[in-house]
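Asks: missing the sequence, but the structure's below:
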């Protein structure tokens, strides 16, 4: 039985189109030395919310359900790669994306929904659209970095599909990795 008062770890993300997930997963064998993000867990976080009470989660879902109408689909365009938090101390490798003009409107609406549902203001830091593709247990050594740079420089053109769905996810951290459960979904309209 689950605890009805347990905090829920929440975030809002764009669903990555299957076509792009398949294209990114093709490279898993070329960079086998870190833990690759499974295709079904790939997403683009629009807003990380964190621990939230069940009542507050309900308010967020209500605001999300009523506040996401009339938004356009978002096109993904690959622009490169980035290490987080830095190349020297990397724990994550992500592909960076340039998104269509519809993205800015969607990001603004997500911030409005979070403000309305949870009274959390817009984040002050700049937003960098990215998709996490690998996680590392240790920072990369020089040889790893050379392989990643060579791989990224040789990457053929990735597909540029439209994201068609935005989702409120619950994230549960387990030894086997994060488990993402959709709590609310909204199809982008046109």
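Replies: Yes, it's here. Note that the structure is a prediction, hence the values are computed from the model and not measured.
Asks: The helix or strand hosting residue 131 packs against which elements?
Replies: Using DSSP states H and E, residue 131 maps to strand 130-135. Judged by 3 or more C-beta pairs under 8 Å, 6 or more residues apart in numbering; DSSP states H and E, the packing partners of strand 130-135 are helix 18-25, strand 35-36, strand 43-52, strand 92-99. In this view, the C-beta of every residue, glycine as well, is placed from N, C-alpha and C.
Asks: Could you single out the most deeply buried of the ones you listed?
Replies: Among these, strand 92-99 has the highest mean neighbour count (mean count of other C-beta atoms under 10 Å), at a mean of 19.
Asks: next structured bit after that one?
Replies: In N-to-C order, the element after strand 92-99 by DSSP H and E is helix 101-118.
Asks: Taking strand 92-99 as reference, get the angle to that following helix.
Replies: Compare the direction of helix 101-118 with that of strand 92-99 by axes from the mean of the first three to the mean of the last three C-alpha atoms, to 10 degrees and you get 110 degrees.
Asks: Helix 101-118: how far from the chain's middle?
Replies: Helix 101-118 sits 15 Å away from the centroid of its parent chain (C-alpha atoms, centre = their mean, to the nearest Å).
Asks: Quick check: buried residues in that helix?
Replies: Neighbour counts over helix 101-118 (16 or more other C-beta atoms under 10 Å) mark 102, 103, 106, 107, 109, 110, 111, 113, 114, 116, 117, 118 as buried.
Asks: and the angle from the strand holding residue 131 to helix 18-25?
Replies: For strand 130-135 against helix 18-25, the angle by the same axes, to 10 degrees is 40 degrees.
Asks: So for strand 130-135, mean pLDDT?
Replies: Taken as a whole, strand 130-135 carries a mean pLDDT of 92.
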